[in-house]
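> pasting the sequence and the predicted model now:
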Amino acid sequence: MSFTTALPLRLVIFDCDGVLVDSEGPSNRALAEEITKLGWPMDEAEARDLLHTERARVQALLGESVDAGLEDRAAANERGDMDDPAEPLTSQQTDDAVAATLRDRLEALRRAEQRLEAGTFGRSVRSGAPIPDDRLRADPAAELTVEEAGRAR
């Protein structure tokens, strides 16, 4: 495989820590696709590892979001130019919405961990149908098959 560009490349950045671009998700999905192509079934250890990794990722994002919200609130309360008080309020609301979504994700992961302990991980909570391993590798908190999730929208 070869790549050509109009300009010569002087620097390539491989970001593995999520600072510039969170590359862990796409990397994990690509690995999951390759493992699925090989037909390797998911075992309990892999499921635990996926859930643990996702929980750590979401908790880090939640911490960043909460910190950003605190900074926005502090900035909104500072004395100074109050020409546009809507801007800090909008930032606070955005931070709050992101934090709420991340808390929902943590709750979904907690339910997935409970299903793993109960021996029902990998089965739809609605129908009991098996959820394909590639879906679980892409989203270890998946509660429904792709078809069920599509109908639920």
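Nice, I can see it.
> check the gap between Val98 and Val125 for me.
26 Å (CB to CB, to the nearest Å). Backbone N, C-alpha and C define where each C-beta goes, glycine included.
> same check on Gln59?
Distance of Gln59 to Val125, given as CB to CB: 23 Å.
> okay, and the helix or strand of this protein with the least pLDDT?
helix 24-38 (a mean of 68; mean pLDDT, DSSP states H and E).
> and for Ala100, the neighbour number?
12 (other CB atoms under 10 Å).
> oh, that last question was meant for Arg123, not what I typed.
Other residues within reach of Arg123, judged by other CB under 10 Å, total 16.
> need the pLDDT of it.
Listed pLDDT for Arg123 reads 95.
> now do the same contact list for it.
With contact taken as CB atoms under 8 Å, 6 or more residues apart in numbering, Arg123 is in contact with 115, 129-131.
> re earlier: look at Val98 and Val125 and report which has more neighbours.
Neighbours of Val98 and Val125, each counted by other CB under 10 Å, are more numerous for Val98; the result is 17 against 14.
> so where do the helices sit in this protein?
24-38, 44-76, 86-118, 133-138, 146-152 (DSSP state H).
> deepest-packed of those, please.
The highest mean neighbour count among the helices of the chain, using mean count of other CB atoms under 10 Å, belongs to helix 133-138: a mean of 18.
> what packs against that one?
Judged by 3 or more CB pairs under 8 Å, 6 or more residues apart in numbering; DSSP states H and E, helix 133-138 is in contact with helix 24-38, helix 44-76.
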